[in-house]
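compute the structure for the input listed below.
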Amino acid sequence: MLFTQKITRVPPQPWQGLVGFGLALVVVVYLFAKASGFGLNYLLGWQGIGVDAMTHFYDLDLTYKAAQYLFTGHNPYADGAFNPTGTLANYPPALLWVVLVLVETCGSVQSLGLLLGALSLVVVTLLACQTTLLGGFSLGLGLGLGSGALAIERGNTDLLIFLLLLASIAALSAIKTPTNTAKRSWLGGWPGGWLDNWLGGGLLLIAAMLKLFPAAAALVLLLHPVKKSRWAILAFVVAFGLYLVWLGPLLFTLVANTAITTTNSYGISSLLSVISQPAALVLVPIAGIALYTSRVWLSGLVTYLPPGSLFLRCLCLAGASIFMGTYLAGASFNYRLVFALLCLPLWFASGALWRGTALCLTLFMLWPAVENNIFWYLPHTYKNQYYVALARQALGLWVLIASITWIWAHLRALLRQSLLARFI
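Below is the predicted model of the structure:
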């Protein structure tokens with residue numbers, strides 16, 4: 001059974017992941033320094049780690065300007081005067097209000113951007129304590145190269161959602177379950193962990209209200225066999241449903257204002273952009289092999305369950321759900337792959353196929369850094385550009401099928417345990 005499989009591997013020591021994480025940061029600093037000419041060209045340094053740098057914290061600054069525009073009586077959803085490019089706002093008013101308050105509290109956009117980047121670095125460092133040497137190394141590369149570096153350089157508000165989601169999962173994971181050894185709530189040991197349940201669900205609801213897509217991570221609420229959790233689940237569904245009703249027509253405006261692009265992004269749209277040539281047929285056997293091996297994935301889903309493994313399960317399920325949702329939604333900018341970091345600790349602690357999938361995910365995340373450096377060694381031709389893009393889409397397709405398999409495995413286990421019994 002998914003939740004009762006015995007330990008078959010020795011749990012890693014916290015120092016192993018930290019050592020790997022530290023080595024990754026050394027690699028990141030070296031690549032940045034080398035690309036920048038050791039400080040001579042700052043922009044080239046960012047390109048060396050996979051980021052086409054703009055004004056520092058560009059995304060956060062635009063969100064703040066949109067918030068100022070909204071709360072001075074204008075409509076950033078129909079008038080792009082606040083944005084030099086004329087792009088319309090595509091975030092709910094709740095996020096704009098939160099950003100406005102946080103920037104005013106911190107004193108400047110730069111201060112808030114630095115704070116979000118520093119906190120993200122701290123929490124990913126703590127995640128590295130939960131995994132292996134290779135897992136810690138991959139977490140460091142995932143955060144410091146390509147997609148993670150893009151989120152930090154732009155000061156994107158996805159980092160705020162990332163921190164909220166981790167806080168939510170930390171609260172939810174304090175509940176005692178058959179695979180969670182915690183005996184007391186982290187808020188004081190209330191019987192049944194009901195306060196942790198409500199706090200975790202509340203933080204998850206806030207994250208979903210701010211950017212909508214974190215609602216995909218609500219599947220983590222189903223991992224708890226505590227009967228009292230049914231009220232938290234029901235409250236989340238009702239509250240989020242009412243919030244969507246309250247948004248009303250604005251919801252369609254947000255979707256319409258969201259640009260669909262294959263530049264610096266991933267998803268179905270990026271996949272479709274490479275299938276116009278015969279070479280794309282290579283994706284067919286890759287998808288076939290992934291589907292065929294899904295049974296092996298399921299049978300060897302987890303071979304090592306550390307103490308308190310509910311935390312790792314919730315992290316991984318949230319990361320896989322967000323990756324699947326944002327991939328299938330059409331197109332998402334690469335910085336959203338920061339949520340895929342949540343899959344790495346448990347995937348590296350699982351069977352060989354899952355460890356290989358974790359490596360594929362890591363490479364998929366830092367691929368912008370690969371693209372920015374590979375043409376130092378290859379002729380910069382259209383044909384080579386196409387093959388490089390095709391390679392990334394192959395990695396993404398493999399990870400997508402793996403994520404769907406992971407989610408299905410959990411849902412199947414929950415159904416076997418009679419999901420409806422939780423609400424009786």
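
just the CA trace of stretch 246-256, in PDB.
Backbone C-alpha positions of stretch 246-256 (Å, rounded to 0.1, in the frame of the first residue of the first chain) are rendered in PDB as follows:
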ATOM      1  CA  TRP A 246     -17.200  37.300  -6.500                       C
ATOM      2  CA  LEU A 247     -14.600  37.800  -9.100                       C
ATOM      3  CA  GLY A 248     -17.300  37.200 -11.700                       C
ATOM      4  CA  PRO A 249     -16.600  38.800 -15.100                       C
ATOM      5  CA  LEU A 250     -13.200  39.900 -13.900                       C
ATOM      6  CA  LEU A 251     -12.100  36.300 -13.900                       C
ATOM      7  CA  PHE A 252     -12.600  36.100 -17.700                       C
ATOM      8  CA  THR A 253     -10.700  39.400 -18.000                       C
ATOM      9  CA  LEU A 254      -7.800  38.000 -16.100                       C
ATOM     10  CA  VAL A 255      -7.600  35.100 -18.500                       C
ATOM     11  CA  ALA A 256      -7.900  37.300 -21.500                       C
END
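
got the buried residues for that stretch?
Residues 247, 253, 254 are the ones in stretch 246-256 that count as buried (16 or more other Cβ atoms under 10 Å). C-beta here means a position set from N, CA and C on the backbone, and glycine is covered the same way.

quick one: contacts of it?
77, 78, 90, 91, 92, 93, 212, 244 (Cβ atoms under 8 Å, 6 or more residues apart in numbering).

one more: stretch 212-223?
Applying Cβ under 8 Å, 6+ apart, the contact partners of stretch 212-223 are 92, 161, 164-165, 169, 172, 177, 200-201, 204, 207-208, 229, 232-233, 236-237, 240, 254, 310, 313-314, 317-318, 321-322, 324-326, 329, 336, 407, 410-411, 414, 419.

distance between that stretch and the chain's centre?
Distance, stretch centre to chain centre, for stretch 212-223: 12 Å (Cα atoms, centre = their mean, to the nearest Å).

before we move on, what about stretch 257-268?
16 Å.

measure that stretch end to end?
18 Å (Cα to Cα, to the nearest Å).

touching it from outside, list them.
So stretch 257-268 is in contact with 52, 77, 87-90, 150, 269-270, 273, 326-334, 337, 364, 368, 392, 396, going by Cβ under 8 Å, 6+ apart.

can you do 6 Å?
Applying Cβ atoms under 6 Å, 6 or more residues apart in numbering, the contact partners of stretch 257-268 are 88, 90, 269, 270, 273, 327, 330, 331, 332, 333, 334, 396.

next: stretch 314-329.
With Cβ under 6 Å, 6+ apart as the test, stretch 314-329 has contacts from 169, 172-173, 213, 216-217, 219-220, 267, 332, 336, 339-340, 342-343, 346, 400, 403-404, 406-407, 410.

helices - which of those residues land there?
169, 172, 346, 400, 403, 404, 406, 407, 410 (DSSP state H).

assign the residue nearest to the last one when sequence neighbours are not counted to helix, strand or coil.
Taking Cβ to Cβ, 6 or more residues apart in numbering, and ignoring the residues beside it in sequence, residue 410 has residue 317 as its nearest neighbour in space, at 5.8 Å. Using DSSP: H, G, I helix; E, B strand; the rest coil as the criterion, the local structure at residue 317 reads helix.

do the same with residue 72
Following three-state DSSP, the label given to residue 72 is coil.

and the pLDDT at it?
Note on residue 72: pLDDT of 88.

next one: residue 423
The model's pLDDT for residue 423 equals 46.

ok, residue 226 next?
Looking at residue 226, its pLDDT stands at 51.

ok, now residue 248?
Predicted confidence (pLDDT) for residue 248: 87.

again, but for residue 118
93.

quick one: what helix or strand has it in it?
helix 109-128 (DSSP states H and E).

the next helix or strand after that helix packs against which elements?
Tracing the chain C-terminally past helix 109-128 and defining elements by DSSP H and E, one meets helix 133-144 next. Counting contacts by 3 or more Cβ pairs under 6 Å, 6 or more residues apart in numbering; DSSP states H and E, helix 133-144 is packed against helix 14-35, helix 109-128, helix 344-348, helix 352-365.

roughly how far is helix 133-144 from the heart of the chain?
14 Å.

most neighbours out of the contacts of stretch 246-256, which is it?
Taking other Cβ atoms under 10 Å as the neighbour criterion, residue 91 ranks highest of the contacts of stretch 246-256 with 22 neighbours.

three-state assignment of that one?
coil.

distance of it from residue 162?
Counting by Cβ to Cβ, to the nearest Å, the separation of residue 91 from residue 162 is 15 Å.

also residue 291?
Here residue 291 is placed at a distance of 30 Å from residue 162 (Cβ to Cβ).
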